[in-house]
Structure formats: C-alpha cells, structure tokens
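Colleague: Pasting a predicted model and its sequence here:
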Amino acid sequence: MVAATTLSWSRLGHAQQRPTPDGAAPTATKPDNQANGADPLLQQAQALGAPMAALARAVAISRQSIFTKKDALAVFDISQPSANKRFYLFDFKSGEVTAHYAAHGRSNGPNARAIKFNGFQKDLDMVPLGPLKTAHSEVMDHYKTIVDRYDGTVYPSMIVVVLEGVTSYNSYINHTPPFKWILHPNWYTTAGYRAKNNGMLGRSNGCITVDPLENNKLVTRLQDGALVYVTVGDDPIEQYL
C-alpha cells in the first residue's frame, strides 16, 4: 500500500511538472485516470471536492527545495462558497486527506461565493494567490484566545503560523510591515457563526482563517516550511495577474 501510494503521487507530480522561470508556478492538467484509480489519497481528494488540476500543480510545486516540509501540504480553493469545506490538508504521513472550513479576504466578493480575484497584489485585504510557505508557529496576543460572539465559547491557547510569498507575484506579502499574512483562528469561522449565517463564514482582512476547533491541529501539521497553495478552482494563477 505504501509503495503504491508513493509511486502514484510521484507519477502525478512528475507528469505535471514542466520547466518554469524562476518563481513561476508549473502549469498542470488533470491527473490521469490511472493515477486516480491507484492512489487512495487522490480518491479521497476527489471525493471531498478538491480541484484536481490545482492539486497536481501543488504536488509538483511542493517538491521544490524551498519547501522543507515534504510530508504535508494544503490546497485552499477560494472559488468555492464559504459554506463548503474548501481548505484541503494532504497528510502524506497518515495517508489522509481532510477538508476544513476557511475564510479569506474581504475584497474577494460576497460571503456566498467569491467573484473578484484580479488585483490581489494591490488590494491588501485580499488573500494572495499561488504558493505560500509556512514559517514557525507562534503566539500572537490578538489570536491567543478566541471567544465566539454567538454562543460565548472560549477557545484558549491558540497559535498561528506566518505565511510567506515565494513567487514574483505573491512575495509582496513579505514586505508590508507591520502587516503579516497568517493562518489563524477567529470567531467568524466557528460553528456558532455558521449556524446563524446559513452555513457561511465571515471574511478576514486577507489572511486564511480557520475554525478555532481545528486551528491548532492544522497549524501544527503545516508549520515549518510546508506549501499552502491558494487557487481559484483549477484555473492557472497567471490569468489573475
């Protein structure tokens, strides 16, 4: 089972990767049926609604040396409505793919479905597109304790992880002090908020925001050099530059 999984993911990444300019993301096509049938991870991802061409692109990108953490990556599909679990964690160590609620920036459109993607490089309350790299987890006072404004649930001891842009089109997020783009929890992603808002989430100031119940597990699994790939479905990022 392990050998088969490794082989099919290797084929997927190798088949989709092409030589690219420095900092550019490889283009990709949908993974072939053989890979889909052979690999339980791919089957899980497809069943959960992950964008498969974007996933192939992410797997190829994650092999670059800049991403020092190779046993996990995440794909965040902001083309889906916020009521969907659209943040996909791929855990190569456990052999599992899981899907999670996640919010993103204000200017991407109404809560139901994002409609704006161009201009993210200038509009600093939009989530950056493309490959991001995680740093070490840390405690930020603003997010250390989250209180659900609907049911009063307190979520203590929260941690966050800073996200770094690694391409020519998203590295601007590394040079906007005092602002940082992070993966963090907040009250507008909780079950209480979703229950009062037709299943939808609120919106962040450009960061990726997840449910406090899942935050620490996600941050811990992705910290220290993993890829977080922000995509608009299977669309190439370049069309939004």
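Modeller: It's in.
Colleague: residues contacting Thr145?
Modeller: By CB atoms under 8 Å, 6 or more residues apart in numbering, the residues touching Thr145 are 154-158. In this view, the C-beta of every residue, glycine as well, is placed from N, C-alpha and C.
Colleague: same question, Ile182
Modeller: By CB under 8 Å, 6+ apart, Ile182 lies in contact with 140, 160-163, 207-208.
Colleague: of the contacts of Thr145, closest to His136?
Modeller: Nearest to His136 among these, counting by CB to CB, is Met158 at 15.2 Å.
Colleague: Quick check, that closest one in contact with Lys217.
Modeller: No. Applying CB atoms under 8 Å, one finds Met158 not in contact with Lys217, separated by 11.5 Å.
Colleague: For stretch 185-198, list every residue counted as buried.
Modeller: Under the neighbour-count criterion of 16 or more other CB atoms under 10 Å, stretch 185-198 has 185-190, 192-194 buried.
Colleague: that older thread, could you flag which of the contacts of Ile182 are buried?
Modeller: So, by 16+ other CB under 10 Å, the buried ones in these are 160-163, 207-208.
Colleague: returning to that earlier point: out of the contacts of Thr145, which sit inside strands?
Modeller: The strands, defined by DSSP state E, take in 154-155 from the contacts of Thr145.
Colleague: Which of the contacts of Thr145 sits closest to Leu42?
Modeller: Met158 (32.2 Å).
Colleague: And Met158 and Lys217? Which one has more around it.
Modeller: Of the pair Met158 and Lys217, Met158 is the one with more neighbours under other CB atoms under 10 Å, namely 19 against 13.
Colleague: picking up where we left off before, so which of the buried residues of stretch 185-198 sit within strands?
Modeller: Pro185.
Colleague: Any chance of CSV for the buried residues of stretch 185-198, columns pLDDT?
Modeller: Output for the buried residues of stretch 185-198, formatted as CSV (pLDDT from 0 to 100):
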residue, pLDDT
Pro185, 98
Asn186, 97
Trp187, 96
Tyr188, 95
Thr189, 96
Thr190, 96
Gly192, 94
Tyr193, 94
Arg194, 94
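Colleague: Between the contacts of Ile182, which sits nearest Gln121?
Modeller: Leu163 (15.0 Å).
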